[in-house]
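Visitor: From the sequence below, what's the structure:
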Amino acid sequence: MKKSLALLTATCAAAFAVNAQAATKWDLPSAYPASNLHTQNLEQFVKDVKELSGGELDITLHSNASLYKAPEIKRAVQGNQAQIGEILLTNYANEDPIYALDGLPFLATGYDAAWKLYQAQKDLLNKKLASQGMTLLYTVAWPPQGIFANKDIQKVEDLKGVKWRAYSPVTARIAELVGAQPVTIQQSELSQAMATGVVDAFMTSGSTGWDTKTYEYIKKFYDTQAWLPKNAVIVNQKAFDKLDDKSKKAVLKAAEEAEKRGWAVSKEKTQWYLDNLAKNGMEIIKPSDELMKGLDKVGETMLGEWVKRAGPDGQKVIDSFRANK
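Guide: Down below sits the predicted model:
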């Protein structure tokens with residue numbers, strides 16, 4: 001009897017061990033802190049995947065560039081060092097024009113327009129990612145981009161010579177066109193860069209301004225609402241293909257919900273960020289007509305450059321977007 005009980009116990013333990021080992025583990029690197037709206041959305045996505053897969057897929061979120069720095073994440077997913085990751089599309093603008101599109105100033109300036117631009121570019125974006133062995137799961141827009149600076153900015157020329165934080169090729173190009181000095185700084189490094197005087201002006205969202213406590217160093221925010229760049233969550237295609245059907249469905253369902261939730265939260269929190277920046281001493285400024293006209297010209301120049309580089313496929317995306325605008 002004792003031997004039978006011991007055998008049963010051993011059998012159950014072995015079966016439990018096999019089931020425990022059956023869970024697939026993925027790493028998900030992100031560049032933003034736990035307080036960020038994208039990170040919070042990712043946390044819920046990870047929980048949903050685990051629940052919907054019945055624990056068969058367990059994703060570990062690595063926030064605040066703790067596993068890979070922002071520009072390194074796409075390559076990590078492409079090479080399957082990380083099976084899934086969150087990227088800022090405009091970080092890869094030099095790689096292909098489709099990654100640059102939602103960073104073009106004043107092409108799509110509100111959430112409705114940004115969503116329509118996403119729909120127009122999605123097929124081409126999916127095609128590019130597929131050619132690199134990846135699949136797009138979902139995107140979420142950042143709040144509209146404005147200018148943080150300490151100096152009075154009434155026209156584009158007032159930006160000449162400022163040390164301008166560039167977090168992507170697109171923002172570096174803006175710096176060149178307005179005569180600023182671009183300095184490449186990712187969000188995880190921004191607070192230190194401001195504290196040490198490495199940068200003194202930049203374009204970003206109220207969300208990033210809040211996360212990095214920009215109000216401790218810079219006191220003016222010009223609410224230009226220039227563009228709404230998107231973060232994209234991408235997955236290595238081979239890693240996805242290896243999943244069982246239940247886990248695949250869990251990932252796709254969780255991604256669908258994350259996209260809806262993320263866009264809604266981003267839109268809802270836009271004013272909250274500005275209100276709380278103001279409560280902490282930030283002056284929220286409506287930009288002058290002269291400044292906006294100058295920035296519009298920058299946008300027109302960059303769109304012309306983009307269409308020339310993107311060719312007929314790119315022109316089709318712009319035509320589709322404008323037809324539905």
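
Visitor: which SS class is the nearest residue to Leu101 once chain neighbours are set aside?
Guide: Spatial nearest neighbour of Leu101, chain neighbours left out: Gln121 (5.4 Å); criterion: CB to CB, 6 or more residues apart in numbering. Quick note: C-beta positions are derived from backbone N, CA and C, even for glycine. Three-state call for Gln121 (DSSP: H, G, I helix; E, B strand; the rest coil): helix.

Visitor: Also Leu129?
Guide: Secondary structure, three-state DSSP: Leu129 is helix.

Visitor: What is the neighbour count of it?
Guide: For Leu129, the neighbour count with other CB atoms under 10 Å is 22.

Visitor: got a list of what it touches?
Guide: For Leu129, the contacting residues are 135-136, 234, by CB atoms under 8 Å, 6 or more residues apart in numbering.

Visitor: Need the per-residue pLDDT for it.
Guide: In the predicted model, Leu129 carries a pLDDT score of 98.

Visitor: residue ranges for the strands of the protein, please.
Guide: Using DSSP state E, the strands of the chain run over 24-29, 57-62, 84-88, 134-141, 145-149, 163-166, 181-184, 201-205, 220-222, 230-236, 283-285.

Visitor: quick one: strands adjacent to the first one?
Guide: I take that to be strand 24-29. Using DSSP bridges, the strands paired with strand 24-29 are strand 57-62 (parallel).

Visitor: orientation of the partner strand relative to strand 84-88 in degrees?
Guide: 40 degrees (axes from the mean of the first three to the mean of the last three CA atoms, to 10 degrees).

Visitor: Could you measure from the closest residue to Ile147 other than its chain neighbours over to Thr214?
Guide: Residue nearest to Ile147 in three dimensions, not counting chain neighbours: Tyr222, with 4.1 Å by CB to CB, 6+ apart. Noted for Tyr222: a distance of 13 Å to Thr214, by CB to CB, to the nearest Å.

Visitor: what is in contact with the two at once?
Guide: Shared contacts of Tyr222 and Thr214, defined by CB under 8 Å, 6+ apart, comprise Phe148.

Visitor: Which parts of the stretch 51-200 of the chain are helices?
Guide: All helices of the stretch 51-200 of the chain, identified by DSSP state H, counting those that start in this stretch, fall at 73-78, 111-131, 169-178, 187-195.

Visitor: show me what contacts the residue nearest to Ile147?
Guide: Taking CB under 8 Å, 6+ apart as the test, what Tyr222 contacts is 146-149, 153, 285, 287, 291.

Visitor: still on that earlier bit, so what's the residue count around the residue nearest to Leu101?
Guide: 23.
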